[in-house]
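1. Make a model of this:
(chains A and B)
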Amino acid sequence: MTGRWVRLAPLGAVVAVAAAVALLVRRAPDHLEPVDAWCSPSLARPFGCGEGGVDLFALVAHAVLRGVALASIVAAVGFAVGTPLGAAAALQRGRFERSVDRACDLIQAFPTFLLALAVLSAVASPTRVHLGCVFALTAWAPFARLALAQTRVVREAAFVEAAVALGMGRARVLLRHVLPNVLGIVAVQLGSAGATIVVSEAAFAFVGFGPRDGVSLGNVMDQGVAAMLRAPHVLVVGALAVFATSAAMLWAGRAVEAEGR
Amino acid sequence: MLGRSPEREHRLAVAAVAVARRIAEALAVLVVLSSLVFFAMRLLPGDPAALVLGDQATPAELAVVRAKLHLDESLGAQYLRFLRGLTTLDLGESLRRPGTSAMSRVGEALGPTSELAGLAVAMGAALGVAAALATAGPWLGTRKRWVERGLVVVSATPLLAFAPLATYALAARARLVPLPGDPEAGFAGLAFASALLSLPLAAQVGRTGRAALAEIAHAQFLTVARAKGATPARIWFLHALPVVTGPLVTVIATQLGALLGGAVVLERLFERAGLGTLILEAYASRDLPVLEGAVIAAGALFVLAQALSAVVHAAIDPRVRA
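-> Numbering: from 1, shown residues only, chains lettered A, B, ... in the order given. Sure, this is the predicted structure:
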């Protein structure tokens, strides 16, 4: 029982460290000191500086916090929308079930990155809210698919049959009997969905679609690639931060996984 | 020859219906996608003409761009024009390069991206199958656990994190591969970018293949092969591998979308020409016809690859043929 929550520790640690740094290091993540541009890591600046002398310690901390917040919200929205949808589709059977199933197939295989680029191009300068909305457009699919598969098992159970026989409405069967049995399994997807969103946000910022404030891990990577020969520490810091954040998210998702076993 | 037995004709008819349904579905996906792109550009807040010209534009300039994009017509008329343009592959002129059609710019960009993605799929499939066979076969002994761990680590590592690091290590430090942006990178540059892009795919293929092979490891037909004295290589390559090709083809098909997304990141990293670069450039300069064309072309590429994978699956595995 206790062992499973240990898996939340990496994410907790990443967020705690980032929050502590963001609070304690007084430099703003977008504060520039051109004299120190591309300076190497030192005691005063543990991660060194990036383009225009931005302090990477502060920038990475703020970027991680914002990325994790965005990913948690979008993953939660996907979970809240996808799970009832998938469960309802499987309970309904027939055409509705098939179309939800097929839609999930398509969305999961689709180059959603390109779709998001197209939708984002309609706004002059994307903000984090825009990014979140675009991610939420497709984030529900993996949850819906899992809920669908799990409900196909649950709907054959005797207690569902009994509830239907007792004359319960479809919504009531869904809420009282099906969803409680599905939630635990579907929640497993939260971690990998969150990790995907952390990486996607960074990828968008990397290719130049990020939030205008420039506080994103993707911007750190972008600076790092541009200055690969001059200041390789920027690239290393950015890559490690992306990896640590997404791995912590994945790991945290496994905290729910053990419950089903 | 079999002749035209009624049963055979019936099976052909069923297959024809299945193919027709797939084609219809692929077309429907393309139409929905392109409509989504069309309406996203026009219905979301913000005047496309103002986006193209920026804040300083005079009303007269705005009117010219509106007329050029046909934004002065009603939405219905615009949509009809757009659909007609789709069927004739003519989405209008590129705004930034007057005189060039948007579709010709998209066509130019499709080549490099197809090379990159195609080579990555080939590499990823080969690498993934090799890893799966290594974990299933007897060759590695207890060391196969390292392969399994490697698969987990690679699949948990985002391309965005390891691709720039690998580029720094191999291009900037070791000088083994061309630096990003090197105009004379040639095939070495393409191969390196494809290899990076193929790694996440290889991890997925490897994990799926491993699970599928483990499932049939004790199947009767393999026991028979063993009893006949077949070598492990013969057992796993000739008897087991064809059986698990289905799931592998399916997993490659579902990873194609992620692969195209990764291609955008890598094109940016290596400053390669391609669909991703074109989309980013068209976005930055608000070249709407090119942007629409590029996204739709990417969707078409994807739908085509999906259909292809279904055909390959059916050709390899007689069990999925209707």
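
2. What is the burial count for residue 195?
-> Went with chain A since none was named. 23 (other Cβ atoms under 10 Å in any protein chain shown). Yep, even glycine has a C-beta here, placed from its N, CA and C like the rest.

3. look at chain B instead
-> B:Ala195, neighbours per other Cβ under 10 Å, totals 19.

4. mean confidence for stretch B:103-120?
-> In this model, stretch B:103-120 carries a mean pLDDT of 90.

5. next one: stretch B:167-182
-> In this model, stretch B:167-182 has an average pLDDT of 84.

6. How about stretch B:227-236?
-> 90.

7. what's the answer for stretch A:254-261, then?
-> Computed over stretch A:254-261, the mean pLDDT rounds to 62.

8. mind listing the helices for chain B?
-> B:6-43, B:48-53, B:59-68, B:75-87, B:102-136, B:144-156, B:159-167, B:186-216, B:220-227, B:232-234, B:241-270, B:275-284, B:288-316 (DSSP state H).

9. for the stretch 151-261 of chain A, that is, sorry about that
-> For the stretch 151-261 of chain A, the helices defined by DSSP state H, counting those that start in this stretch cover A:158-165, A:170-172, A:179-186, A:189-207, A:217-226, A:232-257.

10. so where is chain A shaky, pLDDT-wise?
-> For chain A, applying pLDDT under 70 flags the ranges A:1-3, A:124, A:257-261.

11. Tell me which residue lies nearest the centroid of it.
-> The centroid of chain A falls nearest to A:Gly194 when counting by Cα atoms, centre = their mean (2.4 Å).

12. How about the residues of the stretch 201-322 of chain B by chain A?
-> Counting by Cβ under 8 Å from any Cβ of the partner chain, the stretch 201-322 of chain B comes close to chain A at B:253-258, B:260-261, B:264-265, B:268-269, B:276, B:279-280, B:283-284, B:286, B:288, B:291-292, B:295, B:298-299, B:302, B:306.

13. In PyMOL, how would I select just the buried ones from those residues?
-> Remark: buried members of these, expressed as a PyMOL selection using 16 or more other Cβ atoms under 10 Å in any protein chain shown:
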select buried, chain B and resi 253+254+255+256+257+258+260+261+264+265+268+269+276+279+280+283+286+288+291+292+295+298+299+302+306
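
14. hang on, the earlier thing: need the helices of the stretch 151-261 of chain A in TSV (columns: distance to B:Pro200).
-> Converted to TSV, those look like this (distance: least, Cβ to Cβ, whole Å):
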stretch	distance to B:Pro200
helix A:158-165	39
helix A:170-172	41
helix A:179-186	24
helix A:189-207	11
helix A:217-226	17
helix A:232-257	12
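
15. returning to that earlier point: let's have the helices of chain B in a markdown table, adding distance to A:Ala147.
-> Converted to a markdown table, those look like this (distance: least, Cβ to Cβ, whole Å):
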| stretch | distance to A:Ala147 |
| --- | --- |
| helix B:6-43 | 23 |
| helix B:48-53 | 38 |
| helix B:59-68 | 46 |
| helix B:75-87 | 35 |
| helix B:102-136 | 29 |
| helix B:144-156 | 23 |
| helix B:159-167 | 28 |
| helix B:186-216 | 22 |
| helix B:220-227 | 36 |
| helix B:232-234 | 42 |
| helix B:241-270 | 18 |
| helix B:275-284 | 33 |
| helix B:288-316 | 24 |
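
16. Mind telling me which of these the model trusts least?
-> Going by mean pLDDT, the lowest-scoring of these is helix B:48-53, which has a mean of 74.

17. from what I can see A:Ala252 touches A:Arg4, true?
-> No - using Cβ atoms under 8 Å, A:Ala252 makes no contact with A:Arg4, being 10.8 Å away.

18. Looking at those two, which is more packed in?
-> Neighbours were counted for A:Ala252 and for A:Arg4 using other Cβ under 10 Å; A:Ala252 has more, 24 against 14.

19. where's that one relative to chain B, distance?
-> 13 Å (Cβ to the nearest Cβ, to the nearest Å).

20. got it, and A:Leu190?
-> To chain B, A:Leu190 is 16 Å away according to Cβ to the nearest Cβ.

21. Just the closest residue of the stretch 101-250 of chain A to chain B, please.
-> Proximity of the stretch 101-250 of chain A to chain B (Cβ to the nearest Cβ) peaks at A:Phe113, 3.1 Å away.

22. Which secondary structure element is home to that residue?
-> helix A:112-120 (DSSP states H and E).

23. now for that helix, which elements pack on it?
-> Helices and strands touching helix A:112-120, by 3 or more Cβ pairs under 8 Å, 6 or more residues apart in numbering or on different chains; DSSP states H and E, are helix A:128-154, helix A:189-207, helix B:6-43, helix B:241-270, helix B:275-284, helix B:288-316.

24. How much space separates the nearest residue to A:Asn181 once chain neighbours are set aside from A:Leu174?
-> Closest residue to A:Asn181 apart from its sequence neighbours, by Cβ to Cβ, 6 or more residues apart in numbering or on different chains: A:Val154 at 4.9 Å. Shown here: A:Val154 relative to A:Leu174, a distance of 10 Å by Cβ to Cβ, to the nearest Å.

25. again, but for B:Leu288
-> Distance of B:Leu288 to A:Leu174, given as Cβ to Cβ: 43 Å.

26. ok now do B:Ala214, which residues does it touch?
-> B:Ala136 (Cβ atoms under 8 Å, 6 or more residues apart in numbering or on different chains).

27. For chain A, see how far away it is.
-> Taking Cβ to the nearest Cβ as the measure, B:Ala214 and chain A are separated by 19 Å.

28. Distance of that residue relative to B:Gln204?
-> Distance, B:Ala214 to B:Gln204, using Cβ to Cβ: 16 Å.

29. ok, back up a step: hey, what's the angle from the helix holding A:Phe113 to helix B:288-316? Just curious.
-> If you take axes from the mean of the first three to the mean of the last three Cα atoms, to 10 degrees, helix A:112-120 sits at 160 degrees to helix B:288-316.

30. Next up, the contacts around the residue in the stretch 151-300 of chain B that chain A sits nearest to.
-> Using Cβ to the nearest Cβ, B:Gly261 is the residue of the stretch 151-300 of chain B that sits closest to chain A, at 3.1 Å. Residues near B:Gly261 by Cβ under 8 Å, 6+ apart: A:111-114, A:203.
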